[in-house]
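Asker: I'll drop the sequence and a predicted model, then ask my questions.
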Amino acid sequence: MQKLLVLTASNPASNPRPRRMIECLRGSYELYAMGIGSGEIEGVETFSFSSYTKRTKLEEFRLYFDVLLHKWERLIWTKNRLEIVPFLQEREFDFIICFDLPLLPIALKYKKNAKIIFDAQEYFPLWLTSNLRWKILFQRFNRFLCKTYLPQCNAVLSVSPSFVQRYANEFAISPYLYLSLPYHYDLPPKPCDPSNIKILYHGSLSSNRGIDKLIALAELLPARFSLDLILVGGERKYREKILSLIHKAQNKGVKISLLPPVPFSQIIPFGNSYDIGLYFMPPNTYNLLCTIPNKFFEYIGSSLCLAITPNTDLVPIVKERGVGVVSEDFEITSMAKILQSLSIEQINACKLASYKAHQTLNNKQNQKLILSLLSTLSSPSL
């Protein structure tokens, strides 16, 4: 059986995209996974390398100096990433699937005879452009990495048609569309209660994502609507701000709640008790405008009616599959207007459409794609 390594700068046992990749390949390859703080995965040999420690003031100064002089090698070969080198030197793999851009040069240098597949989960040259420090220090670095190393890969995957096209246009490669599809669940939709239309929003707690606007949105909705938020991560000060806004809204009688995080494996079953999956994503960066995130397909897996902002690559799916509605623009007034316009019959019809769409928009589709790709790459001519 051929040997395959999943290489990531996260925990491959819990990070959704690497973990789903592993499940796609289970039984077809002898699997290994290496990441930061790697947890146990049944049937997979797991290994860890250290997380990056916070820079001292001197190291931070040196970083700016290296960026100024384009000494990109010093940004690649950090102390923690050097731990990957002996691991790769001591082993032979047929395939390495790499999930993080700074790890790609290491995988390529020490791949031996392995075929390299890079999973570009973001459009990395414009990844965090709303962050000034990132733009100064890492935007040019990411573009250098993409220009230098993506053409050396045997295959590149990405999460949305816009990303695929942009990578192709700017780096002369031919990426494959590999959607962030969830595991399959069989969860028929529950009828919507006209007096209690339940809206769910789950995602990262980030000021970049307009979480404060969600609270303002709830204040615009009639009493028949309620909004539950599940927010993970985020900086302490911003979380405190959001909690304060929620408490103020609740004191005014607004039906909004912040719920504790739900285990990743339970987020789709948990969502099935709701009626509407809310995707409100201001286009503060190119990536936020054009990505197709996990939660979009998770809402569909929960058999929900989707209410989304007009993010570029989501609109065609919503319209083609009939799974929801799209606001006119990215303002909360537009989202409130379209939510209020929904009839109970429309909500139930969209929920049923999501249930049907999930039968194909799940990880089994990705399993067929990746197994076919790896089989093609195994061809002697490649």
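Answerer: Yep, that arrived. Numbers count the residues shown, from 1 in each chain.

Asker: against E240, how distant is the residue most central in space within the chain?
Answerer: Nearest residue to the geometric centre of the chain (Cα atoms, centre = their mean): P293, 4.7 Å. Between P293 and E240 the computed distance is 25 Å (Cβ to Cβ, to the nearest Å). (Each C-beta comes from the backbone N, C-alpha and C, glycine too.)

Asker: same question for Y279.
Answerer: Going from Y279 to E240 by Cβ to Cβ gives 25 Å.

Asker: so between those two, which is more surrounded?
Answerer: Per other Cβ atoms under 10 Å, whichever of Y279 and E240 has more neighbours is Y279, with 21 against 11.

Asker: which residues does that one form a beta bridge with?
Answerer: Applying DSSP bridges to Y279 yields these beta-bridge partners: I308.

Asker: quick one, what contacts it?
Answerer: By Cβ atoms under 8 Å, 6 or more residues apart in numbering, the contact list for Y279 reads Y201, K295, F296, Y299, L306, A307, I308, T309, N311, L314.

Asker: which one of those residues is nearest to V85?
Answerer: Proximity of those to V85 (Cβ to Cβ) peaks at K295, which lies at 36.0 Å.

Asker: which element is I242 on?
Answerer: Assessed by DSSP states H and E, I242 sits inside helix 236-251.

Asker: buried stuff in that helix?
Answerer: I242, L245, I246, A249 (16 or more other Cβ atoms under 10 Å).

Asker: skipping adjacent residues, who's closest to the second one in space?
Answerer: To tie it back to what came earlier, the one meant is L245. Once flanking residues are discounted, L245 sits nearest to I215: 4.6 Å by Cβ to Cβ, 6 or more residues apart in numbering.

Asker: wait, is E83 part of a helix?
Answerer: Yes: counting by DSSP: H, G, I helix; E, B strand; the rest coil, E83 is part of a helix.

Asker: for the residue nearest to it when sequence neighbours are not counted, give me its contacts.
Answerer: Spatially, and ignoring its direct neighbours in sequence, E83 is nearest to F49 (4.0 Å; Cβ to Cβ, 6+ apart). Counting by Cβ under 8 Å, 6+ apart, F49 makes contact with M34, G35, I36, N80, R81, E83, I84, F87.

Asker: bridging residues for the second one?
Answerer: Following DSSP bridges, G35 is listed with bridge partners S48.

Asker: verify the stated contact: it with N15.
Answerer: Yes: assessed by Cβ atoms under 8 Å, G35 is found in contact with N15 at 7.4 Å.
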